[in-house]
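Participant: Here is my input, please return the structure:
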Amino acid sequence: MQTASGRVNQKTRTRTAIVRAAAELSATGREVTMPEVARAALVSEATAYRYFPDLASLLREAIADQIPSPEEALAGVADSVDPVERIAAATEFLLRHVQARQGVVRAMIAATIVRPEQADARPGMRFGLIDYALAPLAGTLGGRDPQALAQLKNDLAVVVSAEALFSLTDLRGMTAQAAITSLVRTATTLTRAAIG
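Facilitator: Purely as a prediction, here's the structure:
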């Protein structure tokens, strides 16, 4: 007969297995679905849904440790005060990160598009990267015209994004590399124009 603590331990092991399976699948770049996660965790799909009400909530927990801080992501340009160089690095980093994990990124976008009230389930990695990349402007453009800096950040959020990458690759038929190059060029052009 299983004790109460044995049942709690089993539930913890099952939940951990589901989260670990989702994390491992998300790092592959392949499509991530609840049936795939359940198969990888060696549980039924119904069991996976007992622990997580939807794929977005599961993925939010599963990928939390896979998202570097802006400081980690942009360590290569940490000493630079050139916002154009820094935004180029931020754009390149984000888009390569998205490309490598596009299955989970697409799943998160799909889940939040059909349920906009769950938009906070998506990590806002781009916003932290943009803020950190533009930090040197806080005393210059931000000091002179805070609204101009805020507008630049909004403009960049459209370009420095998974949606922009997928628009160019899926709808325009561009290779990932060509799309990334195009988006880096657009992001740096916006930044250069704003600091003009």
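Participant: now the nearest residue in space to residue 109 that is not next to it in sequence: how far from residue 150?
Facilitator: Leaving out its chain neighbours, the residue that sits closest to residue 109 by CB to CB, 6 or more residues apart in numbering is residue 162, at 6.5 Å. (Glycine included, C-beta is placed from N, CA and C.) Separation of residue 162 from residue 150 (CB to CB, to the nearest Å): 22 Å.
Participant: Those two: which is more packed in?
Facilitator: Just comparing residue 162 and residue 150: by other CB atoms under 10 Å the higher neighbour count belongs to residue 162, 21 against 11.
Participant: pLDDT at the more buried one, what is it?
Facilitator: As predicted, residue 162 sits at a pLDDT of 96.
Participant: Using PDB, write out every CA atom in the lengthiest helix in the chain.
Facilitator: The helix that spans the most residues within the chain, counting by DSSP state H, is helix 4-26. Extracted in PDB, the C-alpha atoms of helix 4-26 (Å, rounded to 0.1, in the frame of the first residue of the first chain):
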ATOM      1  CA  ALA A   4       0.700   9.600   1.500                       C
ATOM      2  CA  SER A   5       4.300  10.600   1.300                       C
ATOM      3  CA  GLY A   6       4.900   8.000  -1.400                       C
ATOM      4  CA  ARG A   7       2.100   9.500  -3.500                       C
ATOM      5  CA  VAL A   8       3.500  13.000  -3.100                       C
ATOM      6  CA  ASN A   9       7.000  11.700  -4.100                       C
ATOM      7  CA  GLN A  10       5.500  10.000  -7.200                       C
ATOM      8  CA  LYS A  11       3.600  13.200  -8.200                       C
ATOM      9  CA  THR A  12       6.800  15.200  -7.800                       C
ATOM     10  CA  ARG A  13       8.700  12.700 -10.000                       C
ATOM     11  CA  THR A  14       6.000  12.700 -12.600                       C
ATOM     12  CA  ARG A  15       5.800  16.500 -12.700                       C
ATOM     13  CA  THR A  16       9.600  16.700 -12.900                       C
ATOM     14  CA  ALA A  17       9.700  14.200 -15.700                       C
ATOM     15  CA  ILE A  18       7.100  16.200 -17.700                       C
ATOM     16  CA  VAL A  19       9.000  19.500 -17.200                       C
ATOM     17  CA  ARG A  20      12.400  17.800 -18.100                       C
ATOM     18  CA  ALA A  21      10.900  16.300 -21.200                       C
ATOM     19  CA  ALA A  22       9.500  19.600 -22.300                       C
ATOM     20  CA  ALA A  23      12.900  21.300 -21.600                       C
ATOM     21  CA  GLU A  24      14.800  18.700 -23.600                       C
ATOM     22  CA  LEU A  25      12.400  18.900 -26.500                       C
ATOM     23  CA  SER A  26      12.500  22.700 -26.500                       C
END
